[in-house]
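Student: sequence first, then the predicted structure:
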Amino acid sequence: MHVGDEDFDVNDPAYEMDATWGDVCKACCVRSPVEWGMIFIGILLVVFFLYFFLLGLDLLGDGAKTMGGCAAGELFGDDMNPIAGLMVGIVATVLLQSSSTTTSIVVSLVGAGTVSVNQGIYMVMGANIGTSVTNTIVAMGHLGDGDQLERAFAAATVHDMFNFLSVACLLPIEAVTGYLNHLTKACVSNFQSQEGEKWEGPVKKLVEPLAKKIINVNGDVAKEIAKGEKTCNDYYPIDGKLNCTDPSDPLTCEAGLLTCDKKADPPFCPAFFDSQATESVDRTAGVCAFVIGLIILFICLFGLVKILQRMMMGASTRIIYKATNINGYAAMIIGAGITMLVQSSSITTSVLTPLVGVGALRLEQMLPLTLGANIGTTMTGLMAALLGNADGMQVALAHLFFNITGIIIWYPLPFMRQVPLNAARALGRGTRLFRLFPIIYIVVAFAVIPLIFLGISFLFSEKNAGMTALGIVVVILLAIGLMWTFYHCKYRGGREKCIGVLVTRDRRSKAVRDLPDDMEWLKAKIHELSEHTGLPDQEEETDGKEGSNDETEGKEGSSSDEEAPANTNKD
């Protein structure tokens, strides 16, 4: 079996047949000069598309921060229960499109005493879940191919499943025992803050200069609002506009949601910066940057997938499997190392997702790489905490130990490892039943459910008898709804009915799509049958009937013309 075959399937038993490293080296290195030239061109194109793919991710994140920076800052607070803290972490990370940013904000808030260590721990748990929304969006770039979409969506959601399962296990344990709090408190007993500058990875140094020419986000907005130092209106003090010393010179303006890069040499303002901007104008700029980033992302994803397919076309699946089949713990180290360099687990997992989609990487290899990315992304919080106090460092370490504990629970034992893998595969198969399933999943998992829990937590945290009673009613109604849904799906055939409806719908849509091709095929078969039997073709019969009708009409017309003069003579 080879990549590019019509029956190519990574789950085929042939994919499991082991090759030798000699076979891999032969397939990789024994090439003609023309083939080496094509490989070189392919690598250049991959680097080109990968650079702009990362640029698209950067614009996507900057646009999200501009749109949701104020809202994300207002979410943070100390007067909340563990569930509310978890949901705040999820929603804030979805709004900011970066768990590293959320964790850094939480670390600074804890260091400033605005948020307690306990609440900070629950928030970074939520940040772990929210970060996986980006690669789930990337998986939607495979909507045009059902096979690729199934594999890519499974690869994206294996990150979600690990995070959901880890939180489901460790949040109750932390709420009851406070083990992360106690463990990290012992680790920071002799901690002393360090002086220094924030480290930037090499990838950010390559991508951000171009991204800042387009849009430059004020990274202090969410942090200052969360600390209560400012409100969103304070950034636009002059009749709802920016405070500028000289309106004709944008460099004299104070920062709003967007800002100029005054530290650059020479200083400059990005394309979306407007010295007369209001809050709504800057938010609109954020929406535009988000959409542009999404377009660039999908175009580059399409280009990457096509080039990778061309480069892998005809390659034996045994060779590919052998080349990518590395030890799981080594894969974790690789995932952690890459994430430390790019300073974002979203970038790591988003780049790997298309590789699973085209079949170059298996889901079993994606899982340890994802777990390594989870470890690598905690380094950003740790580096930010080095400049703060012991409380901030405690939360950063809690993020690290949370991920390590989750790995210990779900990875070493093979049967435990299958739980997140099987859950991700099931979600991947859901795309077969409904092509737009990823969109529904993103909306429900990262918006609807967190906001529902956040609303319920708000009702109970108000310490008002009426609000508490309303919260109890809402919880009871939700519990009844969930129990009824479980009973209906488990014992009344609801699950089978739902799947049946989706399968029928998919068959109908496929039949409509294939109808023109099927009609052409039927016409060709009828024509062949007519030639074989000697019977007239349907089209010939139709043409013959039309010809005879024309002749009849001609005769009737001529006879009527002849009758007309006769009648005239009689008159």
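Tutor: Perfect, I can see it now.
Student: so where's the stretch 451-571 of the chain uncertain?
Tutor: Judged by pLDDT under 70, the stretch 451-571 of the chain has its weakly predicted residues at 462, 534-571.
Student: what mean pLDDT does stretch 268-288 have?
Tutor: Mean pLDDT, computed over stretch 268-288, is 83.
Student: one more: stretch 91-103?
Tutor: Averaged over stretch 91-103, pLDDT sits at 78.
Student: end-to-end on it?
Tutor: Stretch 91-103 has its terminal residues 13 Å apart, counting by Cα to Cα, to the nearest Å.
Student: quick check: residue 291 touching residue 63?
Tutor: Yes - using Cβ atoms under 8 Å, residue 291 is in contact with residue 63, at 7.5 Å. No exception for glycine: its C-beta is placed from N, CA and C like everyone else's.
Student: which of these two has more neighbours?
Tutor: Using other Cβ atoms under 10 Å as the criterion, residue 291 and residue 63 rank with residue 63 on top: 26 against 13.
Student: any idea how far that one is from residue 122?
Tutor: 28 Å (Cβ to Cβ, to the nearest Å).
Student: now swap in residue 398 and tell me
Tutor: Applying Cβ to Cβ, the value for residue 398 to residue 122 is 10 Å.
Student: cool, residue 386 as well?
Tutor: From residue 386 across to residue 122, the span is 23 Å (Cβ to Cβ).
Student: higher neighbour count, the two?
Tutor: Legend: neighbour count by other Cβ under 10 Å for residue 386 and residue 122, higher for residue 122 (28 against 19).
Student: for that one, what are phi and psi?
Tutor: Dihedral pair for residue 122: phi -70, psi -30, per degrees, to the nearest 10.
Student: show me the contacts for the residue nearest to it when sequence neighbours are not counted.
Tutor: Excluding the flanking residues, the one nearest residue 122 by Cβ to Cβ, 6 or more residues apart in numbering is residue 85, at 3.2 Å. Contacts for residue 85 were tallied using Cβ atoms under 8 Å, 6 or more residues apart in numbering; they are 119, 121, 122, 123, 125, 126.
Student: what helix or strand is residue 85 located in?
Tutor: Following DSSP states H and E, one finds residue 85 within helix 82-96.
Student: so which other helices or strands are in contact with the helix or strand following that helix?
Tutor: Using DSSP H and E, the next helix or strand after helix 82-96 towards the C-terminus is helix 99-112. With contacts defined as 3 or more Cβ pairs under 8 Å, 6 or more residues apart in numbering; DSSP states H and E, helix 99-112 has these neighbours: helix 33-75, helix 82-96, helix 117-130, helix 221-226, helix 345-357, helix 363-386, helix 390-410.
Student: which one of these lies nearest to residue 328?
Tutor: helix 363-386 (4.1 Å; Cβ to Cβ).
Student: what is the closest one packed up against?
Tutor: helix 99-112, helix 146-177, helix 328-342, helix 345-357, helix 390-410, helix 414-433.
Student: go again using 6 Å as the cut-off
Tutor: On a contact count with 3 or more Cβ pairs under 6 Å, 6 or more residues apart in numbering; DSSP states H and E, helix 363-386 meets helix 99-112, helix 146-177, helix 328-342, helix 345-357, helix 390-410.
Student: columns distance to residue 493 and mean neighbour count on top of the ones you listed, output as a markdown table?
Tutor: Listed next are these as a markdown table, based on distance: least, Cβ to Cβ, whole Å; neighbours: other Cβ atoms under 10 Å:
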| stretch | distance to residue 493 | mean neighbour count |
| --- | --- | --- |
| helix 99-112 | 40 | 27 |
| helix 146-177 | 25 | 21 |
| helix 328-342 | 40 | 19 |
| helix 345-357 | 34 | 26 |
| helix 390-410 | 32 | 22 |
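Student: quick one, helices of the stretch 451-571 of the chain?
Tutor: 465-491, 494-533, 538-570 (DSSP state H, counting those that start in this stretch).
Student: before we move on, back to that, for residue 506, find the nearest of the helices and strands packed on helix 363-386.
Tutor: Ranking these by proximity to residue 506 (Cβ to Cβ) places helix 146-177 first, at 9.7 Å.
Student: could I get the average pLDDT for whichever helix or strand comes after that closest one?
Tutor: As assigned by DSSP H and E, the chain's next helix or strand after helix 146-177 is helix 179-187. Average pLDDT, helix 179-187: 87.
Student: so after helix 179-187, what's the next helix or strand?
Tutor: Remark: after helix 179-187, the chain's next helix or strand is helix 202-214, criterion DSSP H and E.
Student: quick one, that following helix and helix 328-342 angle?
Tutor: Here helix 202-214 points in a direction 40 degrees away from that of helix 328-342 (axes from the mean of the first three to the mean of the last three Cα atoms, to 10 degrees).
Student: now helix 202-214: mean pLDDT?
Tutor: Regarding helix 202-214, the rounded mean pLDDT is 79.
Student: in it, what's buried?
Tutor: Buried residues in helix 202-214, defined by neighbour count with 16 or more other Cβ atoms under 10 Å: 203, 204, 207, 208, 211, 212, 214.
Student: now swap in stretch 523-532 and tell me
Tutor: Buried residues in stretch 523-532 (16+ other Cβ under 10 Å): residue 530.
Student: export that stretch to CSV, keeping only CA atoms.
Tutor: The C-alpha coordinates for stretch 523-532 follow below in CSV (Å, rounded to 0.1, in the frame of the first residue of the first chain):
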residue,chain,number,x,y,z
LYS,A,523,-26.6,7.6,-20.4
ALA,A,524,-23.4,6.0,-21.5
LYS,A,525,-24.6,2.5,-20.4
ILE,A,526,-27.9,3.0,-22.3
HIS,A,527,-26.0,4.1,-25.4
GLU,A,528,-23.8,0.9,-25.2
LEU,A,529,-26.9,-1.2,-24.7
SER,A,530,-28.6,0.4,-27.7
GLU,A,531,-25.6,-0.3,-29.9
HIS,A,532,-25.5,-3.9,-28.8
